[in-house]
Structure formats: C-alpha cells, structure tokens
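Colleague: Pasted the sequence and its predicted model underneath.
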Amino acid sequence: MPIVHDWLARRAALDPDHLALVDTSRGERRITFREWDAAATRAASFLHHVLGVQRGDRVAVLAHNRVEFLDVLFACAKLGAILQPLNWRLSATELAGILADAEPVVLVSGPELRSQVVAVRERAPFVKHWLSFDEPGPGERAFSERDAAPSTPLPRVELEPDAPWVLCYTGGSTGVPKAAVLTHGSITANAANTVVSWGLTPDDVSLLNAPLFHTGGLNVFTLPLVYIGGASVVCRAFDVEQVFDKIHHGAVSLVFGVPTMFIEMQRHARFEAVDFSRLKLLVSGGAPCPAPVFERFFARGVAFKTGYGLTEAGPNNFWLPPGDVKRKPGAVGVPLFHVEARIDGEQRPGDVGELLLRGPHVCAGYWRRPEDTARTLVDGWLHTGDLASRDEDGCFRIVGRSKDLIISGGENIYPAEVESILAGHPDVAEVAVIGVPDAKWGETPRAVVVPRAGGSLTEAALLGYCDGRLARYKTPRSVRFVDALPRTSAGKVDRRALAAAHSVG
C-alpha cells in the first residue's frame, strides 16, 4: 500500500497557519506550514520542470543548515527523488568519492563551500546541474530561480514504504562511509515512534543546530515535529550563546546535542545563570556522555537524559521514564513503541552483549552495498555493533562499541565506563581511553587526556584519583596528555586516529 510521502502538503492542509520554522538567518523570520509547503512545491517544480529531476534521481546538498536545505528535502519527497546530504567537513577527495557513490544529477551548495564544489566538479561528470543557494558562481545556477518555476502541476507520485527518501552516510570512523538508505517508511516510523513515545505535541519547538547531513539533525526532532505539527528553530550551526538565549527566553522546548556540545555549555560562564525550567527535553546522543555532565545538569534541576540511536535505525530507539532519569543516569531506557530490542547471548539481567534492533524504523540497508547489508541486517535484526546490558526492570544501558572493548588478562574493560570516572577529575577537560598492547596482559587501558586550562594535572594525580573509584584492572596503566582529541565528521572521538597515534610507546 502506498504511503503518505508529501508530509508538507498534508500538514499544510491540516494546520496551514501553524508555525513550522523560525529562520534565524533572516531576523527570526517565522514560517507557517502553508508558506513552507508553497516554498517546497516551487523547489520541486523547478527541479522537475526546469532541471528534469525524476523519481529515483539523487539530489545532493552541500551546505550548512538553512531553511532552503529543508525545502529541498521536502521537494525530493514530493517528486520521489532521493536526497543526498553531504558532509561539509569532508575533504574534496572524500566528497568526490561519496558523490561517485550516489551519482546525483543535481548538486545544490552554499557559497561558503564553493571551494570544495570547484575542487570536485571535474570528478563528478554525472552532475548535470550545479546550483547555489545564494549568488551563483561560474557554471552555477541560482536556487532562487525556483521562484519563477512553472506552475504546471507536479507529476502524480505514489510511493511504497520502501521507497528511498534520504541517503544518510555513516560517520566513517571505521572506514569509507556507507550510505544507509532511509526510506519513506523508516522515516515515518521513526517520527511515529518519537511522537507517541516521547510525548511530542504541536506546541513543541526544537532547536535545530545539529548538521542536517546527519540523521541527528534530520530525525531526532526535525521530521517528527513536522509529523505532529510542531516547529523547529533553524540555526546555521551550534553556537553556545545562541543556545543559551533560546533556552533562557523559552523560545524552544526541545534541545538535542552530542556530549561535546553539552560540555561546551557547562564550561561557559553563563551556564549557572540560564533558566532551563521551560525545557521539556534536553537529550544527548551520538556518544557516551561523561557522568559529571549529568551531575551538573541535575544540580541545576534539569532532567538531562541520554538517548541511543544510529544512522541505520531511527535514530530514536529508547525512552528513559522520568522516574528513572536521576536513578539511572546514562541509561537509555526502554524500547520505543514500535521498536524491538534484544541483547545477543543474554542469559540473565546484567549480561553484556551486542545490541540487536528490529522494527519499521530500520533502514533498508546500504546503498549499492549488498554484502554490507547482508552482514548487518540478519533475519530482520539490525546488528548494531554496540554492546549493551539490560537490568531487572528492562532498562537498557549502552556499554560501548564492540570494537572498542579492551580485554586485559581475560577481563572485559569498557572504555566509556573508565572515561566517565576520569572525566570527574576537576582538571580533566576531555578524555578517551584506548587499549594498548601488553606482553603480560594482552592489552591494558591508556587514557588520552585534554587537561583543563589553568590546571596542573599530572599522570600520578589522575591515576591516584582512580583509587577506590575503579577496579585495579580497569585503571589506566598510562596517560598521554594532548591539546585536543581527534574527531570524526560526526563530532565523535575518532578512536582509529587516537589508537594510531597513541597505542604504542
């Protein structure tokens, strides 16, 4: 049975004058669902009638967050085309490889990224049309041409739930990025799961500053809010002052971020003065969050919680009930309404094993990678590669990545657990733990630490801090101090790069 794929047209019909977007790049311009649908329809008309985009064609976007990016997303939905959001943090060589993977017929870019576009143009002959969101450069057309697009009706399209909508690339920390095929069905299921399980309402407003080339920017709150009729405040990127302003003045009720963002917020001089009382949800995801981050938010009366997701599933999968937020800090909770979760090999509560997920929110596999798809999706279950445990209440906790597990003298050491303890030291700004070879134990943990400015942290002081807080076998045997931790394009710690630089010597 075909699925409702033109969300904006449906939302505009249901509640045309309700606030849909706030455009912070244009003086807090407020956009209704009627206005947004009209803009996306003009974009779809331009792509189809002028540029010849057909159902199944890929349309790439290389730009920072902006309202027009979202217009293209929904223009693709109207046409049955496939959005390929590009990571603007990648090098030209990496971008060229990803473009060759999907072979888009149109690439729309922001002028701030023109040098990257120029660098890849000769390596992307399949791109027929190069567009700019602002003033076009040589060989480009202006996206604003859509304003004069023909009013000819768009082709009637009926899409099945398995029709691709977005090619969302994995972070690439384990090799060449793969594109998870997010379908109209999987995106709809994630929205439904989020709305009914997290309690979103049409009155909710989210702060959209996570990059739209990641599933977090697209699917944690943005698309679920379109589904329920809420609104998003579109920000170019993460800015601490802007975040604090929006929270303090009650302009947003929902905030999502990765741990790095929340650490930056807590380092800021304004942190203690910001009024968090009108927030409905403050959710961290993308990586384990250190325990001190929870403690500081709890001290401010904020029910800070961590979620769990991945590009291939949702990304929203769990919900931690309010009564467990402070009782089980760091736990991700119970599966959402249409999510099944189990732990491979689990015999009793507390056992650690690979987390497997199943449900309509799971992607259709990897674009043009049948072997990778077959390895990851087995008998309907998504093998996440993440290690988890479940307590007696059925509450899940993510322990770490299976590939990051350190086995020392036959004992399992989970880096996230050690990192959470070390991050509690007042002179530690950031920390990551890796395994290093050891002739006796096989491998032992090593802490790579970014010291807090103005502190006087030493290796002996940090290891001494572990006494009574960590078992002896979990305590790092060595410490390396660095100015910054390497990160992937998703903002996560790049453990491959970390291991390459610090696992010997």
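Modeller: Cool, got the structure.
Colleague: I'd guess Q84 is in a strand, am I close?
Modeller: Yes. Under DSSP: H, G, I helix; E, B strand; the rest coil, Q84 sits within a strand.
Colleague: The nearest residue to D404 once chain neighbours are set aside and N317, how far apart?
Modeller: Once flanking residues are discounted, D404 sits nearest to P415: 5.3 Å by C-beta to C-beta, 6 or more residues apart in numbering. Just so you know, the C-beta spots here come from the backbone N, C-alpha and C atoms, and that holds for glycine as well. Per C-beta to C-beta, to the nearest Å, P415 is found 21 Å from N317.
Colleague: and what of G394?
Modeller: For G394, the distance to N317 equals 14 Å [C-beta to C-beta].
Colleague: quick one: which of the two has more around it?
Modeller: N317 (31 against 11; other C-beta atoms under 10 Å).
Colleague: so that one touches A341, yeah?
Modeller: Yes. N317 is in contact with A341 according to C-beta atoms under 8 Å; the separation is 6.8 Å.
Colleague: and for these two, which residues touch both?
Modeller: Among the neighbours of N317, those also in contact with A341 (C-beta atoms under 8 Å, 6 or more residues apart in numbering) are P335, L357.
Colleague: following the worst-scoring helix or strand of the chain on mean pLDDT, which helix or strand shows up next?
Modeller: Least confident helix or strand, the chain: strand 411-413 with a mean of 80, by mean pLDDT, DSSP states H and E. Proceeding C-terminally, strand 411-413 gives way to helix 415-422 as the next helix or strand, assigned by DSSP states H and E.
Colleague: now the following helix or strand past that next one, how far from the centre of its chain.
Modeller: Counting by DSSP H and E, the element after helix 415-422 in chain order, helix or strand, is strand 428-438. Centre-to-centre, strand 428-438 and its host chain are 24 Å apart (C-alpha atoms, centre = their mean, to the nearest Å).
Colleague: Alpha carbons only: can I get stretch 475-493 in CSV?
Modeller: Extracted in CSV, the C-alpha atoms of stretch 475-493 (Å, rounded to 0.1, in the frame of the first residue of the first chain):
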residue,chain,number,x,y,z
THR,A,475,42.6,1.7,36.0
PRO,A,476,44.7,3.0,33.1
ARG,A,477,48.3,1.9,33.2
SER,A,478,49.5,5.1,31.4
VAL,A,479,48.3,8.6,30.5
ARG,A,480,49.0,10.8,27.5
PHE,A,481,48.2,14.5,27.5
VAL,A,482,47.1,16.2,24.3
ASP,A,483,45.8,19.6,23.3
ALA,A,484,42.7,18.1,21.6
LEU,A,485,41.1,14.8,20.8
PRO,A,486,40.7,13.9,17.1
ARG,A,487,37.1,13.8,15.9
THR,A,488,35.1,12.2,13.1
SER,A,489,32.9,14.3,10.9
ALA,A,490,30.0,13.4,13.2
GLY,A,491,31.8,15.1,16.1
LYS,A,492,32.6,11.9,17.9
VAL,A,493,36.1,10.9,19.1
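Colleague: who's in contact with that stretch?
Modeller: Residues contacting stretch 475-493 (C-beta under 8 Å, 6+ apart): 87, 89-90, 171-173, 214, 258, 260, 286-287, 418, 422, 430, 432-433, 436, 438, 444-451, 457, 459, 462-463, 466-467, 494, 497-498, 501-502.
Colleague: quick one: which of these sit in strands?
Modeller: Among the contacts of stretch 475-493, the ones falling in strands (DSSP state E) are 430, 432-433, 436, 438, 444-451.
Colleague: so what pLDDT did the residue most central in space within the chain get?
Modeller: Nearest residue to the geometric centre of the chain (C-alpha atoms, centre = their mean): G216, 2.7 Å. If you check G216, the pLDDT there is 93.
Colleague: Now do it against N209, distance only.
Modeller: G216 is 10 Å from N209, by C-beta to C-beta.
Colleague: which of the residues in stretch 421-429 are buried?
Modeller: Buried residues in stretch 421-429, counted by 16 or more other C-beta atoms under 10 Å: I421, L422, A423, H425, D427, V428, A429.
Colleague: Would you check how far apart the nearest residue to the fifth one once chain neighbours are set aside and R469 are?
Modeller: For D427, ignoring the flanking residues on the chain, the nearest one in space by C-beta to C-beta, 6+ apart is G455 at 3.4 Å. Distance of G455 to R469, computed by C-beta to C-beta: 19 Å.
Colleague: what ranges of the stretch 401-505 of the chain fall below the confidence cut-off?
Modeller: Low-confidence segments of the stretch 401-505 of the chain (pLDDT under 70): 489-491.
Colleague: continuing past the biggest helix by length in the chain, what's the next helix or strand?
Modeller: The residue-count maximum for a helix in the chain (DSSP state H) belongs to helix 184-198. Once helix 184-198 ends, the next helix or strand along the chain (criterion: DSSP H and E) is strand 205-208.
Colleague: Now tell me what touches that next one from outside.
Modeller: The contact list for strand 205-208, computed with C-beta under 8 Å, 6+ apart, reads 19, 22, 65, 217, 221-222, 225, 230-235, 243, 246-247, 251-256.
Colleague: need the contact list for R375.
Modeller: Per C-beta under 8 Å, 6+ apart, neighbours of R375: H383.
Colleague: Mind exporting the C-alpha coordinates of the strand or helix carrying it to PDB?
Modeller: Here R375, judged by DSSP H and E, is contained in helix 370-376. The C-alpha trace of helix 370-376 is given here as PDB (Å, rounded to 0.1, in the frame of the first residue of the first chain):
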ATOM      1  CA  PRO A 370      24.600  -5.800  -0.700                       C
ATOM      2  CA  GLU A 371      27.300  -7.600   1.100                       C
ATOM      3  CA  ASP A 372      27.500  -5.000   3.900                       C
ATOM      4  CA  THR A 373      23.700  -5.100   4.100                       C
ATOM      5  CA  ALA A 374      23.600  -8.900   4.400                       C
ATOM      6  CA  ARG A 375      26.200  -8.700   7.200                       C
ATOM      7  CA  THR A 376      24.400  -6.000   9.200                       C
END
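Colleague: how many neighbours does V4 have?
Modeller: When neighbours are counted by other C-beta under 10 Å, V4 comes out with 11.
Colleague: Please report how far it lies from R11.
Modeller: 10 Å.
Colleague: and what of R58?
Modeller: From R58 to R11 the distance is 25 Å (C-beta to C-beta).
Colleague: More neighbours: these two, which one.
Modeller: A direct count of neighbours by other C-beta under 10 Å for R58 and R11 places R58 higher, at 24 against 21.
Colleague: for the more buried one, what are its contacts?
Modeller: With contact taken as C-beta under 8 Å, 6+ apart, R58 is in contact with A81, I82, L83, Q84, A102, E103, P104, V105, L167.
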